[in-house]
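Asks: Here is my input; please provide its structure:
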Amino acid sequence: MKQIGITGGIGSGKTTVANFFKTYNIPVYIADDEAKKLMHQSPIKEELIELFGAKTYDSSGNLNRSFIAEQVFDNKERLEKLNAIVHPRVEKDYKEWVKNQDAPYTLYEAAILFETGRYKNVDAVILVSAPLEERIKRLKKRDNSTEEEIKSRMKNQWTDEEKRKFATWEIKNYDLNKTKHKVHKIHKLISNL
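Replies: Numbers count the residues shown, from 1 in each chain. Down below sits the predicted model:
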């Protein structure tokens with residue numbers, strides 16, 4: 001079974017595109033969602049508390065995402081330590097997940113597929129892109145973030161220009177009908193590989 005990566009900058013619409021692939025019964029592993037689930041389990045939970053302290057989880061035991069974001073914001077060393085705890089577990093979880101799929105291919109959706117080097121472990125990569133202004137507009141609406149916060153998060157990701165060098169296909173996601181058409185075209189290509 002082929003394993004296809006799908007990535008794009010924050011606000012590009014990766015999840016929307018991934019959902020279009022689901023309409024073809026293609027299984028999608030959303031790495032960020034799975035990472036959040038794994039961060040509530042042992043031993044990751046204990047390792048994160050050791051790294052960031054008691055405020056890592058609130059009194060109900062929920063991950064304090066804003067606190068962690070503050071801890072890794074502009075602190076590359078702490079971000080690398082966080083990634084070293086979480087990413088190997090996500091990778092192991094993904095490999096187990098793939099074993100249970102029955103489709104011509106699977107999609108592994110991750111915002112930082114290139115940045116982590118994870119793209120080397122898939123057969124091909126789909127890059128989802130959108131104009132910067134559109135991405136900022138989407139994120140302001142989705143997360144109630146300020147433009148400054150959004151641009152700060154964006155600077156931790158590669159630019160679309162950098163990602164294009166390694167992508168197999170690109171979906172420019174600013175017109176949903178064109179996006180659906182491109183998904184259909186790529187789905188047929190992958191299915192015939």
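Asks: excluding its backbone neighbours, what's nearest residue 79?
Replies: Using Cβ to Cβ, 6 or more residues apart in numbering and skipping residues adjacent in sequence, the residue nearest residue 79 is residue 72, 4.1 Å away. Just so you know, the C-beta spots here come from the backbone N, C-alpha and C atoms, and that holds for glycine as well.
Asks: I'd say the one you found and residue 66 touch.
Replies: No - at 11.4 Å, residue 72 does not count as touching residue 66 under the criterion of Cβ atoms under 8 Å.
Asks: These two - which one has more neighbours?
Replies: residue 72 (18 against 8; other Cβ atoms under 10 Å).
Asks: which residues touch that one?
Replies: When contacts are counted by Cβ atoms under 8 Å, 6 or more residues apart in numbering, residue 72 touches 78-79, 82.
Asks: tell me the least confident of the residues you listed?
Replies: pLDDT is lowest at residue 79 among the contacts of residue 72; the value there is 87.
Asks: Could you export the helix or strand harbouring that residue as CSV, keeping only the C-alpha atoms?
Replies: Per DSSP states H and E, residue 79 falls inside helix 76-99. Taking C-alpha atoms only, helix 76-99 is exported to CSV below (Å, rounded to 0.1, in the frame of the first residue of the first chain):
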residue,chain,number,x,y,z
LYS,A,76,14.2,26.0,19.7
GLU,A,77,15.8,23.8,22.2
ARG,A,78,12.6,23.2,24.1
LEU,A,79,10.7,22.7,20.8
GLU,A,80,13.2,20.1,19.8
LYS,A,81,12.9,18.3,23.2
LEU,A,82,9.1,18.3,22.8
ASN,A,83,9.4,16.9,19.3
ALA,A,84,11.8,14.2,20.5
ILE,A,85,9.2,13.0,23.0
VAL,A,86,6.2,13.1,20.7
HIS,A,87,7.3,12.4,17.2
PRO,A,88,8.7,8.9,17.7
ARG,A,89,5.5,7.9,19.4
VAL,A,90,3.4,9.3,16.6
GLU,A,91,5.5,7.5,14.0
LYS,A,92,5.0,4.2,15.9
ASP,A,93,1.3,4.8,16.2
TYR,A,94,1.1,5.6,12.4
LYS,A,95,2.9,2.4,11.5
GLU,A,96,0.4,0.3,13.5
TRP,A,97,-2.5,2.3,12.0
VAL,A,98,-1.3,1.6,8.4
LYS,A,99,-1.3,-2.2,9.1
